[in-house]
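[1] pasting a predicted model and its sequence here:
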Amino acid sequence: MSHPAPETGSDRGLVWASEEVTDRIAQEVSPQPGLSNRIALAVPTAFVLAWPPAFLGLALTTLVAPSATDDASVWRVAFWALQFAGLTALAAAVSAALRRSVEPEVDSSPWRIALRIAGHALVTVACAGLVLALAGLSAGQIATLAAVLVVVLHLLPMTVARLLFRFRRRGAAGPAA
């Protein structure tokens, strides 16, 4: 038994689906997590990514310049880092609740990236300022430690990531040349 061959040379061209149709298909293929799932993912991630570097930054500052932390003990510095990470996790929960989608923004222009980093740095300074002010440190000490946290949590990782990207790009271009 033979099947008829499909018709070839159709007169119709490609038909593009509307944005509404493609959005509906995308939602079915990879559904967006709900608000509770976004918060449940953001909070522990922010805490885990904030506490160890904050503790290391504050502990190293205590070792190098004890006057910056009023000669705080390691346990006191660890407590500050825990409080800071808790506030950072709270800020991440608020951010996750306010975000409309979990998809990264398409606009990766240098201006947009700098604006995002500045926003994260401001949250870091605010959280550090609150924790360290409640610890009784002076404004100068708070400013110094907040700057250390901005460097450790934002500038250092960004610099390392850019260097690794350059090395990888240079390594990929090297053997082909």
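    Right, received. Where do you want to start? Residues are numbered from 1 along each chain as shown.
[2] all contacts plus neighbour counts: C-alpha atoms, from now on.
    OK.
[3] quick one: the helices in this protein?
    Applying DSSP state H to the chain gives helices spanning 19-29, 35-64, 74-98, 110-134, 139-150, 156-176.
[4] any chance of those in CSV, plus mean pLDDT and mean neighbour count?
    Below are these laid out as CSV (pLDDT from 0 to 100; neighbours: other C-alpha atoms under 10 Å):
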stretch, mean pLDDT, mean neighbour count
helix 19-29, 76, 11
helix 35-64, 91, 18
helix 74-98, 93, 19
helix 110-134, 91, 16
helix 139-150, 95, 19
helix 156-176, 81, 11
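[5] ok, now how distant is residue 77 from residue 66?
    As judged by C-alpha to C-alpha, to the nearest Å, residue 77 and residue 66 stand 11 Å apart.
[6] to clarify, my last question referred to residue 161.
    From residue 161 to residue 66 the distance is 30 Å (C-alpha to C-alpha).
[7] so who does the residue lying closest to residue 148 once chain neighbours are set aside touch?
    Among residues not flanking residue 148 along the chain, residue 57 sits closest, at 6.4 Å (C-alpha to C-alpha, 6 or more residues apart in numbering). Taking C-alpha atoms under 8 Å, 6 or more residues apart in numbering as the contact definition, residue 57 lies against 148-149, 152.
[8] what's the closest of those to residue 89?
    residue 149 (15.2 Å; C-alpha to C-alpha).
[9] surely residue 144 meets residue 67?
    No. Using C-alpha atoms under 8 Å, residue 144 is not in contact with residue 67; the gap is 10.7 Å.
[10] ok now stretch 55-75, how far from the chain's centre?
    26 Å (C-alpha atoms, centre = their mean, to the nearest Å).
[11] export only the CA atoms of it, formatted as CSV.
    The C-alpha trace of stretch 55-75 is given here as CSV (Å, rounded to 0.1, in the frame of the first residue of the first chain):
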residue,chain,number,x,y,z
PHE,A,55,33.2,37.6,57.0
LEU,A,56,36.5,37.3,55.2
GLY,A,57,36.5,41.0,54.3
LEU,A,58,35.7,42.1,57.8
ALA,A,59,38.1,39.6,59.5
LEU,A,60,41.0,40.7,57.2
THR,A,61,40.2,44.3,57.9
THR,A,62,40.3,43.5,61.7
LEU,A,63,43.7,41.9,61.3
VAL,A,64,45.1,44.6,59.1
ALA,A,65,43.5,47.7,60.8
PRO,A,66,42.1,46.7,64.2
SER,A,67,41.0,50.3,64.8
ALA,A,68,38.6,50.1,61.9
THR,A,69,36.5,47.6,63.9
ASP,A,70,37.3,48.7,67.4
ASP,A,71,39.4,45.6,67.9
ALA,A,72,36.4,43.3,67.3
SER,A,73,36.8,39.6,68.0
VAL,A,74,36.5,37.0,65.3
TRP,A,75,33.1,36.0,66.8
